[in-house]
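Enquirer: Below: sequence and its predicted model.
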Amino acid sequence: MIAKANEDLRTKILEGTITKLITIPASQHRIAVDQLCPVATEVVSALQQAGYMAFIVGGSVRDLLLGKKPKDFDVATDATPEQVKHVFPRCRLIGRRFRLAHVRQKGVLIEVATFRGSHDAGKGGELQDGRIIRDNVWGSLEEDAMRRDFTINALFLDPVGGDISDFTGGYEDLLERRLRLVGDPETRYREDPVRLLRAARFVAKLGVEADERTSALIPELAFLLADVPPARLFEEVCKLFLTGHAMRSFEALQRFGLSTAMFPALKPSGESGKIVADPLLMQALRNTDDRVSRELPVTPSFLFASLLWQPVWEIAQQDMENGITMHDSLLLASEPVFSKQSTRTAVPRRFSSVSREIWVMQARLQKTRGKRALRILADRTFRAAYDFLLLRAGQDTELEPLAEFWTKAQVGYKFPARKTEARRGKPSGRRRRKGEGRRGGRGRKKA
Ligand code: ATP
Ligand code: MG
């Protein structure tokens with residue numbers, strides 16, 4: 001049984017004024033050795049044999065305790081990156097703002113990060129207006145626990161000894177499905193505003209509830225997202241909407257008042273921080289979740305085509321009333337909408353260009369007469385544009401005959417085989433070096 005800390009004690013622990021180590025033995029947490037990635041276990045034991053402390057940490061421990069399959073396994077150690085390199089001569093040291101070692105064995109990549117200390121002192125840390133822009137101050141195990149974002153992400157599992165070390169009450173929070181920020185909420189959100197989005201994402205993804213301390217300030221600090229590099233926010237949007245819980249992510253963003261800050265191109269609903277929930281977008285998010293659950297590919301292009309359709313269509317319709325063709329109106333409307341959105345999320349051109357094609361092809365799909373019309377079937381964006389037309393027809397019965405025409409047109413048509421742009425859950429088509437994007441922004445990341 002874990003001692004139930006009284007609220008006072010607990011607040012002090014979370015604020016970091018005291019730390020209290022709780023050790024949870026394997027007999028209690030029940031994570032079995034064979035649930036762990038053998039390579040991660042090997043990396044930990046090699047570090048331990050070399051005389052260092054080493055643990056499996058973060059999302060993988062949390063996911064295992066929740067009965068979910070972890071995406072990847074991360075290791076934290078008191079060895080510096082150079083010392084890690086000594087133990088694994090072939091590892092790569094990466095990252096400037098957040099230095100860490102990439103250890104690759106048997107085709108599996110394990111990120112090995114040195115414990116971080118507090119960033120207000122020391123050579124390796126740098127704060128700017130309260131924001132962490134460099135995070136390379138080494139610290140103790142306790143300090144590393146305290147610098148993590150949420151208590152449920154601050155659990156350290158020793159795969160050799162079997163114990164979990166918990167300095168923040170994260171184990172109890174997990175059992176009670178509670179999301180709690182470690183430390184003083186305002187300071188921690190200002191240090192790295194992406195934590196605002198991470199709160200929404202974990203609520204959506206894990207089905208945990210944010211406690212009052214964690215959620216109360218989110219709406220009023222949402223404006224801080226304007227200072228986060230848009231490339232990092234694009235990655236967060238992909239994690240929110242392309243990993244199987246898009247609908248719940250949308251609800252969480254709305255509930256936390258983060259939607260207007262994330263989607264400046266969309267119409268505010270009038271309620272603080274919320275946008276109008278466009279029915280087409282809602283259906284697109286449900287379809288995306290369905291596709292992910294069936295392991296079908298999903299793409300940032302289609303996601304952004306759906307997210308931004310409402311303002312694009314509104315502007316395009318005005319132009320059409322003024323006699324501009326549907327094709328040109330859609331093309332023209334895409335400019336201001338994408339440029340407004342790109343102040344917050346930098347959608348790489350290879351995706352935004354496909355979103356535009358999906359929109360513009362809505363005009364081409366209107367034309368069904370003659371043999372030439374059918375040439376569109378060979379277009380590489382046809383399937384996506386057709387799926388988009390189905391979405392629109394779901395909201396507008398007048399489009400149903402058109403959708404039906406294109407459904408029938410495909411019968412017996414031999415589509416050319418081609419590689420799909422889509423890679424599920426991956427924001428980029430090119431293979432991102434692990435850690436590159438995530439760590440690329442303001443400092444913070446994994447551990
Ligand atoms: P998922 O992999 O599902 O996105 P995760 O918790 O593993 O969730 P990562 O981004 O992989 O998230 O980060 C790994 C760990 O690093 C987290 O569990 C947390 O302890 C720490 N971490 C990541 N980002 C931050 C951050 N912005 N601030 C503080 N700690 C962070
Ligand atoms: Mg992770």
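Expert: Okay, I see it. Ligands and ions are numbered 1, 2, ... in the order given.
Enquirer: How are the strands of the stretch 101-250 of the chain distributed by residue range?
Expert: In the stretch 101-250 of the chain, the strands defined using DSSP state E, counting those that start in this stretch lie at 108-114, 125-128, 131-135, 155-157, 164-166, 178-179, 209-210.
Enquirer: anything in the second one sitting right up against ligand 1?
Expert: The reference is to strand 125-128. No: against ligand 1, strand 125-128 shows no contacts by C-beta under 6 Å from any ligand atom, the least distance being 13.5 Å. Quick note: C-beta positions are derived from backbone N, CA and C, even for glycine.
Enquirer: Identify all contacting residues around that strand.
Expert: Identification of contacts with strand 125-128 by C-beta atoms under 8 Å, 6 or more residues apart in numbering yields 117, 118, 119, 120, 132, 133, 134, 135, 136, 137, 191.
Enquirer: What subset of those is buried?
Expert: If you count burial by 16 or more other C-beta atoms under 10 Å, the buried members of the contacts of strand 125-128 come out as 117, 119, 132, 133, 134, 135, 136, 137, 191.
Enquirer: can you give me the helices for the stretch 101-250 of the chain?
Expert: Listed from the start of the chain, the stretch 101-250 of the chain has helices (DSSP state H, counting those that start in this stretch) covering 141-146, 170-175, 185-191, 194-206, 212-215, 218-221, 230-241, 246-255.
Enquirer: Widest-spaced pair of the buried ones among the contacts of strand 125-128?
Expert: Within the buried ones among the contacts of strand 125-128, two members stand farthest from each other by C-beta to C-beta: 117 and 133, at 16.1 Å.
Enquirer: burial of the residue in the stretch 1-150 of the chain positioned nearest to ligand 1, as a residue count?
Expert: Per C-beta to the nearest ligand atom, the residue of the stretch 1-150 of the chain with the smallest distance to ligand 1 is residue 59, at 2.1 Å. By other C-beta atoms under 10 Å, 20 other residues sit near residue 59.
Enquirer: Compute the distance between it and residue 93, please.
Expert: With the distance defined as C-beta to C-beta, to the nearest Å, residue 59 ends up 22 Å from residue 93.
Enquirer: can you narrow the buried ones among the contacts of strand 125-128 to ones near ligand 1?
Expert: By C-beta under 6 Å from any ligand atom, no member of the buried ones among the contacts of strand 125-128 lies near ligand 1.
Enquirer: Roughly how far does residue 244 sit from ligand 1?
Expert: Plainly put, residue 244 is 11 Å away from ligand 1 if you go by C-beta to the nearest ligand atom, to the nearest Å.
Enquirer: residue contacts, that residue?
Expert: With contacts taken as C-beta under 8 Å, 6+ apart, residue 244 has the following neighbours: 289, 292, 293.
Enquirer: Which members of those are classed as buried?
Expert: The buried subset of the contacts of residue 244 - by 16+ other C-beta under 10 Å - is 289, 292.
Enquirer: can you redo the contacts of residue 244 as TSV with secondary structure and distance to residue 412?
Expert: Shown next, in TSV, are those (DSSP: H, G, I helix; E, B strand; the rest coil; distance: C-beta to C-beta, whole Å):
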residue	secondary structure	distance to residue 412
289	helix	31
292	helix	30
293	helix	30
